[in-house]
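Participant: Predicted model, plus sequence, below.
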Amino acid sequence: MAIIDPELTSHLPQKLTAITGLDALSHAIESYWARSTNDISRLFAIQSIETIVNTLPNLIKNLDNLELRKQMALGSLYAGLAFSNTRTTACHSISYPLTIMYNIPHGGVAVSMTLGKILEINKENIVGVDELFKAFSKGNVNDIDDFIKNIFRISNINDKLGNYGVEKDDIPKIVSSSFTKGRMDNNPVPITKKTIRRYTY
Ligand SMILES: [Zn+2]
């Protein structure tokens, strides 16, 4: 049994609200395009994406609003119901070394910073890609990357790797550690080390 109580999140500070909210969004998007996706998970994923894109920007400016907290709890739950059956993909896989080696927060920073670029790589191979874009446009955004960058901006989140102590020479080591089994090989398009270097760093 799971008890979802949005009141428990009512004192979450702005940055953590944004970071965890973007993590839930990443769960939904990655579940939607996962190699192991399915019709039911995609339904939950779309519901999650629509809920989060309509709620998170408002919530970041109105942290005390319990109705918005409830909507985010629901959006996060839908994402959980989606990705518990599909697992995540390249973005989560690339995020793990960033968090383990440099303490870059999971979700909002380490995962979602590559969502837009991985979408570029994946988009020809996403089942029902139009539905995915439509879910975003319901929140008056056309571009996933713009949505994420806006959340970073309004919640003062730093998304520059250099500010977390990542040096240019570290990139090969990070790229080599980016291949978690069950995540990277669950991406709809095969990803190589060269692709990660070229598109994400
Ligand atoms: Zn996550």
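Facilitator: Right, received. Where do you want to start? Computed from a predicted model, the values in this text were never measured in an experiment.
Participant: Report the buried residues of the helix or strand where residue 81 lies.
Facilitator: Using DSSP states H and E, residue 81 sits in helix 66-83. Within helix 66-83, the residues that qualify as buried are 68-83, counting by 16 or more other CB atoms under 10 Å. For every residue, glycine as well, the C-beta is placed using N, CA and C.
Participant: Quick check: which ranges of the protein have low pLDDT?
Facilitator: Along the chain, segments meeting pLDDT under 70 span 140.
Participant: OK, contacts around residue 80?
Facilitator: Residues in contact with residue 80 (CB atoms under 8 Å, 6 or more residues apart in numbering) are 24, 27.
Participant: change it to 7 Å
Facilitator: Shown in contact with residue 80 (CB atoms under 7 Å, 6 or more residues apart in numbering): residue 27.
Participant: swap in residue 182?
Facilitator: residue 87.
Participant: Can you pull up the most central residue in the chain?
Facilitator: Centroid-nearest residue in the chain: residue 26, 2.1 Å away (criterion: CA atoms, centre = their mean).
Participant: In this protein, which helix is the longest?
Facilitator: Criterion DSSP state H: the longest helix present in the chain is helix 39-61.
Participant: List the buried residues in that helix.
Facilitator: 41-42, 44-57, 59-60.
Participant: orientation of that helix relative to helix 66-83 in degrees?
Facilitator: 150 degrees (axes from the mean of the first three to the mean of the last three CA atoms, to 10 degrees).
Participant: Tell me which other helices or strands helix 39-61 touches.
Facilitator: On a contact count with 3 or more CB pairs under 7 Å, 6 or more residues apart in numbering; DSSP states H and E, helix 39-61 meets helix 14-33, helix 66-83, helix 129-137, helix 144-154.
Participant: Please spell out which residues along the first one are buried.
Facilitator: Of all the residues in helix 14-33, those buried under the rule 16+ other CB under 10 Å are 15, 17-33.
Participant: circling back to that earlier point, next secondary structure element downstream of the helix holding residue 81?
Facilitator: Past helix 66-83, the next helix or strand by DSSP H and E is helix 90-102.
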